[in-house]
Structure formats: C-alpha cells, structure tokens
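Visitor: Give me a 3D structure for the following:
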Amino acid sequence: MNVIAFLGSPREDGNSELLLKEACRGIEESGYVARTFRLNTMNIMPCQNCGGCDETGVCVYDDDMGQVYDAIRTCERIVLASPIFFSALSAQMKTMIDRCQAFWCEKYLLKKPIPSGPHGRKGLLLLVGGQKKEIGLQGIQCAETSARAFFRTISVPEHSTLSYTGIDAKGAILKHLTAMKDAYEAGRNLVM
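Guide: Below is the predicted model:
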C-alpha cells in the first residue's frame with residue numbers, strides 16, 4: 001500500500017511534526033512506509049489561476065509539485081499535518097492544496113478522476129492550534145473544510161481527523177494526555 005504524508009508546519013520538531021511522526025510510527029509498525037513531504041523545504045510556487053491546466057489537467061509550472069502530483073496520483077493513503085494559523089491551514093499546506101487545481105480540472109472538467117486503486121483511498125488529517133475554546137474550534141472547522149475539499153478533489157472519499165486546540169508552545173503536544181497515543185492509533189487504523 002502506497003502511503004504519503006505532508007507536513008505543513010514551518011517549525012521543525014513542532015507539535016504538528018510530533019503528531020505526524022507518531023502517526024507514521026503507527027503506519028510503519030503496521031508494515032508500511034509513509035513517504036513524508038516537508039512542504040516548508042520544497043520549492044512550490046502558489047497557484048496563479050492562469051487556466052493552464054483547464055484543458056489538460058496538467059499544471060504549466062515546473063517545480064517541486066511535479067513529485068507531489070506523482071505521489072498523490074499513485075497513493076492509497078494520505079496524511080495531512082498542519083498547524084492552525086489565523087483559523088486556517090498553514091500557508092505551506094494551503095499552497096500545495098491550491099496547486100492541486102490541476103487535479104480538480106482533471107476530475108471535474110475532463111471527467112478523469114484519480115482511480116481508487118486496489119485498496120481504495122483514505123486520508124488522515126492532523127491539526128494543532130494554539131487558540132482555545134470557540135475561536136480554536138472555528139479554526140479547526142475552517143481547516144477541516146479546506147482539507148475536505150482537497151480530499152474530495154483527489155478522490156479520497158473518507159478521512160479521519162485528529163484536532164487539538166490550546167496547544168501552542170513547541171512540544172506542548174507531548175503534555176496532552178492522549179494526543180501521541182491517538183496519533184499512533186490513527187496511523188495504524190489508516191492502513192488496516
């Protein structure tokens with residue numbers, strides 16, 4: 001089973017990355033390897049809404065998204081891990097998602113969705129935000145909405161979400177009573 005993961009945090013060893021590493025440990029201990037893309041270190045230009053992919057489903061820009069497109073097209077499991085910044089996914093994650101407009105064109109304009117593969121396609125969304133209470137929950141809901149649209153576009157019909165609010169300082173997720181165990185189990189469940 002082909003598993004890929006996207007880390008949307010610019011902070012090395014931050015809360016999003018700690019959650020993702022634990023989910024990947026669950027995946028790997030189930031016998032699979034997750035290929036992780038550290039979006040902050042990649043050369044990915046924002047979508048220019050140029051219409052270049054409208055008739056072909058292929059983006060006209062040649063950057064690191066080429067390897068992302070190939071990975072998304074061939075994966076059966078996909079993990080997104082992002083901090084919540086200003087009630088949204090990180091800029092790194094959103095830039096990658098926006099460049100998947102090419103998949104949207106391929107699916108909806110050209111009527112060529114990504115095939116589901118022998119194991120189907122499933123996703124996992126990991127979100128961590130510093131804000132608490134209602135504002136924090138609104139950020140989770142906004143990020144979830146973007147991720148759901150992304151998953152639908154790349155023909156991932158179902159996904160699970162783990163989200164944590166009130167987690168801000170670097171490494172604070174490690175003090176959460178269940179977060180690491182939750183992430184590990186979510187990784188295992190993703191590939192079962």
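
Visitor: any idea how far the residue of the chain most remote from its centre lies from residue 101?
Guide: Among the C-alpha atoms of the chain, the one farthest from their average position, using C-alpha atoms, centre = their mean, is that of residue 55, at 26.2 Å. Between residue 55 and residue 101 the computed distance is 13 Å (C-beta to C-beta, to the nearest Å). Where you see a C-beta, it was placed from the backbone N, CA and C, and this is true even at glycine.

Visitor: do the same with residue 64
Guide: Here residue 64 is placed at a distance of 16 Å from residue 101 (C-beta to C-beta).

Visitor: Equivalent analysis for residue 136, please.
Guide: Distance from residue 136 to residue 101, by C-beta to C-beta: 29 Å.

Visitor: circling back to that earlier point, and residue 64 and residue 101? which has more neighbours close in?
Guide: Between residue 64 and residue 101, counted using other C-beta atoms under 10 Å, residue 101 has the larger neighbour count: 20 against 16.

Visitor: was I right about that one contacting residue 53?
Guide: Yes - with contact defined as C-beta atoms under 8 Å, residue 101 counts as touching residue 53 (6.2 Å).

Visitor: what sits in contact with each of those two?
Guide: The contact sets of residue 101 and residue 53 overlap at residue 59 (C-beta atoms under 8 Å, 6 or more residues apart in numbering).

Visitor: and after the lowest-mean-pLDDT helix or strand in the chain, which helix or strand comes next?
Guide: Least confident helix or strand, the chain: helix 133-153 with a mean of 91, by mean pLDDT, DSSP states H and E. For helix 133-153, the following helix or strand on the C-terminal side (DSSP states H and E) is strand 158-164.

Visitor: now that following strand and helix 133-153, what's the angle there?
Guide: 160 degrees (axes from the mean of the first three to the mean of the last three C-alpha atoms, to 10 degrees).

Visitor: now strand 158-164, how far from the chain's geometric center?
Guide: Relative to the centre of its chain, strand 158-164 is centred 10 Å away, using C-alpha atoms, centre = their mean, to the nearest Å.

Visitor: Residues contacting that strand, please?
Guide: Applying C-beta under 8 Å, 6+ apart, the external contacts of strand 158-164 come out as 15, 19, 122-129, 140, 143-144, 147-148, 151, 173, 176, 179, 182-183, 186, 189-190.

Visitor: Give me the three-state assignment for the residue lying closest to residue 179 once chain neighbours are set aside.
Guide: Leaving aside its sequence neighbours, residue 179 sits nearest to residue 173 (C-beta to C-beta, 6 or more residues apart in numbering; 5.1 Å). Following DSSP: H, G, I helix; E, B strand; the rest coil, the label given to residue 173 is helix.

Visitor: Would you agree residue 173 is in contact with residue 19?
Guide: Yes - using C-beta under 8 Å, residue 173 is in contact with residue 19, at 6.1 Å.
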